[in-house]
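Chemist: give me a model of this one.
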Amino acid sequence: MIKMKHILFSIVLVALSGCTKEPALKVYSLDVLTQSAVKNAHYRSKSIKVAYPQSLREQITQKMHFSYSSSDIGTYQNSEWSNNMSKLLQGTFIEVLGSARLFKIALSDTSSVKEDYRLESTVFTFSHSVRDAQSHAIVSIEFTLMDANTGSLIKSKRFSYREGTPTVDAQGYVKATNAAMARLSGDLVEWLR
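Modeler: Residues are numbered from 1 along each chain as shown. Next up is the predicted model:
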């Protein structure tokens with residue numbers, strides 16, 4: 001009888017744990033199309049290191065940020081980026097520069113190879129903005145191209161995008177973010193060529 005009660009108790013526990021299970025965590029990544037190779041690129045024989053992107057306003061983590069006003073920021077509980085956003089951005093910029101063949105090689109700033117140029121970036125906004133019936137992915141990043149040998153500034157520019165989301169959830173935010181990042185990638189290549 002005690003064994004039967006133990007089995008029954010185990011079945012009830014298993015059934016209850018199934019009822020209280022949280023929704024599965026959805027993990028998203030940036031999916032930016034590669035750029036076509038640029039002909040007669042000015043820096044074709046030079047190397048560039050892409051620095052780890054910095055943020056001045058908010059902490060950049062794997063969490064996906066959203067806001068319903070300019071003063072409140074939240075994070076999605078069951079959705080996140082596949083890696084720290086700065087790492088995803090750095091990898092994306094390296095991939096974009098590599099596919100565009102603007103430089104002989106594009107490297108992470110952790111590489112021990114001596115570079116000719118350095119690309120630094122500051123993230124001002126990277127979040128999902130919902131205001132009344134309007135929903136947008138907001139991406140605003142400033143880039144600085146520097147001569148690595150002299151440390152002098154060559155040029156700097158801020159790129160900002162506001163892309164409408166197809167749905168007001170994490171999945172819609174990711175689709176709109178990828179569209180904004182595709183635009184940013186093309187504009188970055190044009191600016192650097």
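Chemist: show me what contacts the nearest residue to Asp147 once chain neighbours are set aside?
Modeler: Distance criterion C-beta to C-beta, 6 or more residues apart in numbering; nearest residue to Asp147, sequence neighbours excluded, is Ile154 at 5.9 Å. In short, each C-beta sits where N, CA and C put it, glycine included. Contacts for Ile154 (C-beta atoms under 8 Å, 6 or more residues apart in numbering) come out as 117, 145-147.
Chemist: got it, and Asn149?
Modeler: By C-beta under 8 Å, 6+ apart, the neighbours of Asn149 are Asp116.
Chemist: which helix or strand in the chain has the lowest average pLDDT?
Modeler: With mean pLDDT, DSSP states H and E as the measure, the helix or strand of the chain carrying the lowest mean pLDDT is helix 2-19 (a mean of 46).
Chemist: which element follows that one toward the C-terminus?
Modeler: Proceeding N to C from helix 2-19, the next assigned helix or strand is strand 26-28, under DSSP states H and E.
Chemist: ok now that following strand, how far from the chain's centre?
Modeler: Remark: strand 26-28 is offset 12 Å from the chain centroid, using C-alpha atoms, centre = their mean, to the nearest Å.
Chemist: how about it: buried residues?
Modeler: Tyr28 (16 or more other C-beta atoms under 10 Å).
Chemist: any residues touching the following helix or strand past it, and which ones?
Modeler: As assigned by DSSP H and E, the chain's next helix or strand after strand 26-28 is strand 47-50. Outside strand 47-50, the residues that touch it by C-beta under 8 Å, 6+ apart are 90, 93-94, 97, 102-109, 111, 113-119, 121, 148.
Chemist: for Tyr68, what are its contacts?
Modeler: Here Tyr68 is in contact with 74, 130-131 (C-beta under 8 Å, 6+ apart).
Chemist: quick check: neighbours of the one helix or strand the residue nearest to Asp147 maps to in the sheet, parallel or antiparallel?
Modeler: For Ile154, the element it lies in under DSSP H and E is strand 153-164. Here strand 153-164 is paired, per DSSP bridges, with strand 134-147 (antiparallel).
Chemist: just to revisit the earlier point, adding secondary structure, pLDDT and neighbour count, write the contacts of Tyr68 out as a markdown table.
Modeler: A markdown table is the format used below for the contacts of Tyr68 (DSSP: H, G, I helix; E, B strand; the rest coil; pLDDT from 0 to 100; neighbours: other C-beta atoms under 10 Å):
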| residue | secondary structure | pLDDT | neighbour count |
| --- | --- | --- | --- |
| Gly74 | strand | 86 | 13 |
| Val130 | strand | 93 | 15 |
| Arg131 | strand | 91 | 11 |
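Chemist: possible to save those as a markdown table with distance to Lys49?
Modeler: As requested, the contacts of Tyr68 are arranged in a markdown table below (distance: C-beta to C-beta, whole Å):
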| residue | distance to Lys49 |
| --- | --- |
| Gly74 | 35 |
| Val130 | 37 |
| Arg131 | 38 |
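Chemist: of those residues, closest to Asn178?
Modeler: Using C-beta to C-beta, Val130 comes nearest to Asn178 of those, at 18.1 Å.
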